[in-house]
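A.B. asks: sequence and computational prediction follow.
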Amino acid sequence: MYRKYLFGFLPLRRGFGKLLSLPGLGILFGAVTLLLNFWAHYHPAFVERWYSRGLFQWIRLGADSTLGQLPFPSFYLFWAGVVAFWVWVYRRRPRLAGRRPKLEYWFTRLFGFAGLLFGLFFWLWGFNYARIPLPTQMGLELQPPEPAALWQELDSETQILDSLRAALVGSDTNALNDAQFWPAHAEDTVREAVKKWLAGENFPTKGRVRGRFIYPAGTLFKFGASGVYWPFIGEGNLDAGLHPLRKLPSMAHEMSHGYGFSDEGVCNFIAYAACSEHPNTYIAYCARLDYWNTLANACRAIDGERFEQQFRKNIPAGILADQQAIRRQHRKFRELAPTVRYRVYDSYLKAHGIESGMHSYGEVVVLVQAWRIGRGKANF
């Protein structure tokens, strides 16, 4: 007993032994990364230069030249790897007597794995939450639009939408037959639009972010998402159940995440800015229809009676048919625990410095307003 506890050396050695084990290293990696993330939010200029425009660009290239070359979504490979890892851990578990040693064994591995994923999330993408915000870099002055200006913007967008739709199908008032207009090489076309716009605003665009569809349809919808950027594989993923009219702007949104932007409203804005004036009329229509829906929801929230009694009855029949087709398609997929999902993701966004949480998705209207004013083309 005396030798065992001489100067406390052996217990200390055992403690370091646990810390230097694989689970211990995972926990340590996650803890150190958490501290770095706190520091990073106080030094956005450092993050912008050395991470977002530095290290992350090489991470982007690495992901796109490896996993991005696979003929199927790496999303499947990631989850197969997670399952394989835990099967391996289970099969290699030691024979332990007693409940406490068993709990200690599984908890250390669980927290070690969680620490590893947490750390990788930030190093592979998550530090972008601490970069200099896009509006600041572009010199945009964000001001909430007045209600009258919102209604004016909605009227203007409705007219533009109607003219784009007429260019596609003339006076047809049925929902669009998307197979007729779906662009060849849609993923490459959308990516090039996003890269062109970002490059024009002096943002780096190394690599070729993938935007791939996840099957079976409804997989992501069950978790309240139509798309997700998965940092562990560097890939944008979209639910195959999305209505075609929503697929292209959603793809542009996820690709914007892939080029280093974390704010949801900013990614909606990039998708709109990159695609709303695209020479392909169908792409432009899809982008503007997505934005139009956000505007319509904002105006409905301001004055629901005016929206229903004055505006809704004047919506062109073709646009209304497309909106109804989108809703019918998405109603096929039920979400699991939507209230829980909303609160969890809202808290997640706020924890990463996005103060408006889930409301950030709708901030695209404010960003578009500021962008147009900067270009001297404001409709507001």
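C.D. replies: Perfect, I can see it now.
A.B. asks: quick one: the helices in the stretch 201-350 of the chain?
C.D. replies: Along the stretch 201-350 of the chain, the segments classed as helices by DSSP state H, counting those that start in this stretch run 244-258, 264-275, 281-302, 304-306, 317-330, 338-351.
A.B. asks: which other helices and strands contact the second one?
C.D. replies: Okay, so that is helix 264-275. Applying 3 or more Cβ pairs under 8 Å, 6 or more residues apart in numbering; DSSP states H and E, we find helix 264-275 packed against helix 134-138, helix 186-200, helix 244-258, helix 281-302, helix 364-375. Yep, even glycine has a C-beta here, placed from its N, CA and C like the rest.
A.B. asks: buried residues, the fourth one. List them.
C.D. replies: Read it as helix 281-302. Neighbour-count burial for helix 281-302, counted by 16 or more other Cβ atoms under 10 Å, picks out 282-296, 298-300.
A.B. asks: still on that earlier bit, hey, least reliable of the helices and strands packed on helix 264-275 by pLDDT?
C.D. replies: Lowest mean pLDDT within these: helix 364-375, at a mean of 88.
A.B. asks: how close does the residue nearest to Gly211 when sequence neighbours are not counted get to Arg288?
C.D. replies: Once flanking residues are discounted, Gly211 sits nearest to Met251: 3.9 Å by Cβ to Cβ, 6 or more residues apart in numbering. As judged by Cβ to Cβ, to the nearest Å, Met251 and Arg288 stand 15 Å apart.
A.B. asks: how about the helices of the stretch 201-350 of the chain, which one is nearest Glu104?
C.D. replies: Ranking these by proximity to Glu104 (Cβ to Cβ) places helix 338-351 first, at 28.4 Å.
A.B. asks: what mean pLDDT does the closest one get?
C.D. replies: 47.
A.B. asks: coming back round to it: ok, the residue nearest to Gly211 - contacts?
C.D. replies: Residues in contact with Met251 (Cβ atoms under 8 Å, 6 or more residues apart in numbering) are Ala186, Glu187, Val190, Gly211, Gly227, Gly236, Leu238.
A.B. asks: ok, those vs Trp125, which is closest?
C.D. replies: Gly236 (11.5 Å).
A.B. asks: ok, what's across the strand from the closest one?
C.D. replies: Going by DSSP bridges, Gly236 is paired in beta bridges with Gly211, Tyr229.
A.B. asks: thought it was touching Phe261?
C.D. replies: No - counting by Cβ atoms under 8 Å, Gly236 does not reach Phe261; the two are 11.9 Å apart.
A.B. asks: more crowded one of those two?
C.D. replies: Using other Cβ atoms under 10 Å, the more surrounded residue of Gly236 and Phe261 is Gly236, with 27 against 24.
A.B. asks: for Arg208, see how far away that one is.
C.D. replies: Gly236 is 11 Å from Arg208, by Cβ to Cβ.
A.B. asks: Leu55 too?
C.D. replies: Leu55 is 19 Å from Arg208, by Cβ to Cβ.
A.B. asks: can you count the residues close to the closest residue to Cys267 other than its chain neighbours?
C.D. replies: Spatial nearest neighbour of Cys267, excluding adjacent residues (Cβ to Cβ, 6+ apart): Ser256 at 4.0 Å. For Ser256, the neighbour count with other Cβ under 10 Å is 29.
A.B. asks: what residue ranges in the chain score low on pLDDT?
C.D. replies: The chain contains residues with pLDDT under 70 at 1-20, 336-362, 376-380.
A.B. asks: regarding it, what is its longest helix?
C.D. replies: helix 99-124 (DSSP state H).
A.B. asks: what's the domain layout of the chain?
C.D. replies: 6-130, 135-375 (automatic domain parsing).
A.B. asks: ends of the last one, how far apart?
C.D. replies: From the first residue to the last, domain 135-375 extends over 14 Å; the measure is Cα to Cα, to the nearest Å.
A.B. asks: for the helices and strands packed on helix 264-275, which one sits closest to Ile160?
C.D. replies: Closest among those, using Cβ to Cβ: helix 281-302, at 6.2 Å.
A.B. asks: how near is the closest residue to Ser276 other than its chain neighbours to Lys206?
C.D. replies: If the residues on either side of it in the chain are set aside, Ser276 comes closest to Ala287, at 4.5 Å by Cβ to Cβ, 6+ apart. Distance of Ala287 to Lys206, computed by Cβ to Cβ: 24 Å.
A.B. asks: buried deepest among the domains of the chain, which one?
C.D. replies: Greatest average neighbour count among the domains of the chain goes to domain 135-375 (a mean of 18), per mean count of other Cβ atoms under 10 Å.
A.B. asks: next, Ala184: secondary structure please.
C.D. replies: coil (DSSP: H, G, I helix; E, B strand; the rest coil).
A.B. asks: check contacts around His138.
C.D. replies: Quick fix: residue 138 reads Met, not His. Per Cβ under 8 Å, 6+ apart, neighbours of Met138: Glu201, Trp371, Gly374.
A.B. asks: ok, now Trp197?
C.D. replies: Neighbour list for Trp197: Ile270, Ala273, Ala274 [criterion: Cβ under 8 Å, 6+ apart].
A.B. asks: could these go into a markdown table alongside distance to Phe107?
C.D. replies: Listed next are the contacts of Trp197 as a markdown table, based on distance: Cβ to Cβ, whole Å:
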| residue | distance to Phe107 |
| --- | --- |
| Ile270 | 42 |
| Ala273 | 47 |
| Ala274 | 46 |
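A.B. asks: before we move on, back to that, distance of the residue nearest to Cys267 from Thr219?
C.D. replies: Distance, Ser256 to Thr219, by Cβ to Cβ: 22 Å.
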